[in-house]
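> the following block contains a protein sequence and its predicted model.
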Amino acid sequence: MELTVVMYSVCDAIAMITLNRPERMNAWSARMNLEHRFVLDQAERNDSVRTIVVTGLGRAFCAGADSHAFEGHVAHGAYDTRVSDEVATPGYSVRPEFDADFAYHFGLSKPVIAATNVAVAGLRSVLACFADLRFAAAGAKFTTAHGKLNLPAELGLPWLLRRMIGITRANECC
């Protein structure tokens, strides 16, 4: 697969996955999802990889879902990934409840570390929460977007946050 919005490298048993849309603050798109899952699968299958690190290029880890991408879905009349490649399923088949978006991280055999720089928002808060460890640069800000937009919380985020930071703080976020 040609990588256009994700960079991938392996060095010293560490797979480095870098979200590469700095001009959009690494906003998540269908293409990014496809490439992220592909390289995650590559890292999972590579016996020399012991750890996976996910980070973002530029001034943001990820600013959440790409709102401009939604315009294309509206124009098309349905969710349209605009990609013909098959979506990789890393972490699937370990347990049935892991065979879903982002929950597949729990089925990976290698630890995933989210190395966040400045902004982590919306949908990408989910990516950071599904990582085994999170490291944030000084001054990094985490936020959720769904409440401000009157949308339901993304992909199990309330469930994860309650277990990670406690119900009181999770309620403040969600």
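Everything's here; your move. Residues are numbered from 1 along each chain as shown.
> helices or strands up against the helix or strand where Ala114 lies?
Here Ala114 sits within strand 112-116, counting by DSSP states H and E. Helices and strands touching strand 112-116, by 3 or more C-beta pairs under 8 Å, 6 or more residues apart in numbering; DSSP states H and E, are strand 51-56, strand 60-62, helix 123-130, strand 133-136. The way it works is simple: take the backbone N, C-alpha and C, and place the C-beta from them, glycine included.
> tabulate the ones you listed (TSV), appending distance to Glu2, mean pLDDT and mean neighbour count.
Below are the helices and strands packed on strand 112-116 laid out as TSV (distance: least, C-beta to C-beta, whole Å; pLDDT from 0 to 100; neighbours: other C-beta atoms under 10 Å):
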stretch	distance to Glu2	mean pLDDT	mean neighbour count
strand 51-56	20	92	22
strand 60-62	21	69	28
helix 123-130	22	72	25
strand 133-136	30	82	15
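> tell me which of these lies nearest to Met1.
strand 51-56 (17.3 Å; C-beta to C-beta).
> which other residues reach the closest one?
With contact meaning C-beta atoms under 8 Å, 6 or more residues apart in numbering, strand 51-56 is reached by 13-19, 22, 26, 36, 40, 43-44, 61-62, 108, 110-117, 127, 131.
> again, only this time at 6 Å
14-19, 26, 43, 62, 110-115 (C-beta atoms under 6 Å, 6 or more residues apart in numbering).
> nearest to Ala100, of the helices and strands packed on strand 112-116?
helix 123-130 (10.9 Å).
> who are the packing partners of the closest one?
Helix 123-130 is packed against no helix or strand, with contacts defined by 3 or more C-beta pairs under 6 Å, 6 or more residues apart in numbering; DSSP states H and E.
> swap the cut-off to 7 Å and go again
If contacts are counted by 3 or more C-beta pairs under 7 Å, 6 or more residues apart in numbering; DSSP states H and E, helix 123-130 sits against strand 60-62, strand 112-116, helix 157-165.
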